[in-house]
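Engineer: below are the sequence and a predicted model; questions follow.
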Amino acid sequence: MGLGGAILLRRLLGDWPVSPEHDRRYLFLAALWLTCSGIALPILWLLHRRFGRPDAGEDWRSFGVLVRQSGWVGTWGAGCAWLQYNRTLNWAMALLLVVVFILLEALLLTRRQADEEEP
């Protein structure tokens, strides 16, 4: 996933500068999301194996959590790139996005644990 996104990014950036009639901005953001998500997936798997429960990453529900969390990383990377297009990205905005994504993930994990505990 990360390799495919990186190859697509390389192909897009090889044709720089982009002419106005060939606006590839959204394709660039999609390739960046794919690259960031693909790179984050094995790193998150290792973090879950090291700091999570002993069975982390073993069943399909844990794999779904890993994919969702790597999607958050990709969304953060693409969101920061999109904000940089408008020249509105600064460290406070990037940090605010990280905090919002962490809070959303904590909410989803809490809801998942509550569903698992119900008989």
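Structural biologist: Happy to help now that I have it. Numbers count the residues shown, from 1 in each chain.
Engineer: which residues in this structure form helices?
Structural biologist: Assigned by DSSP state H, the helices in the chain fall at 2-14, 25-51, 60-85, 91-117.
Engineer: now what about stretch 98-109, what contacts it?
Structural biologist: With CB atoms under 8 Å, 6 or more residues apart in numbering as the test, stretch 98-109 has contacts from 65, 68-69, 72, 75-76. Where you see a C-beta, it was placed from the backbone N, CA and C, and this is true even at glycine.
Engineer: I'd like the helices of the chain as TSV, with mean neighbour count appended.
Structural biologist: Output for the helices of the chain, formatted as TSV (neighbours: other CB atoms under 10 Å):
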stretch	mean neighbour count
helix 2-14	14
helix 25-51	17
helix 60-85	16
helix 91-117	11
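Engineer: any chance of those in a markdown table with mean pLDDT as columns?
Structural biologist: Converted to a markdown table, the helices of the chain look like this (pLDDT from 0 to 100):
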| stretch | mean pLDDT |
| --- | --- |
| helix 2-14 | 80 |
| helix 25-51 | 89 |
| helix 60-85 | 90 |
| helix 91-117 | 91 |
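Engineer: hmm, back to that, farthest pair in the contacts of stretch 98-109?
Structural biologist: Farthest-apart pair in the contacts of stretch 98-109 is V65 and W76; separation 16.7 Å (CB to CB).
Engineer: leaving out the residues flanking it, which one is nearest to I39?
Structural biologist: G2 (4.4 Å; CB to CB, 6 or more residues apart in numbering).
Engineer: and the gap between the spatially closest residue to L9 that is not a sequence neighbour and W76?
Structural biologist: Once flanking residues are discounted, L9 sits nearest to A31: 4.7 Å by CB to CB, 6+ apart. A31 sits at a distance of 15 Å from W76 (criterion: CB to CB, to the nearest Å).
Engineer: go ahead and confirm R25 touches Q84.
Structural biologist: No: contact criterion CB atoms under 8 Å: R25 and Q84 do not qualify, at 11.6 Å.
Engineer: that older thread, looking at the contacts of stretch 98-109, which is nearest E118?
Structural biologist: Distances from E118 to these, taken by CB to CB, are shortest for V65, at 18.4 Å.
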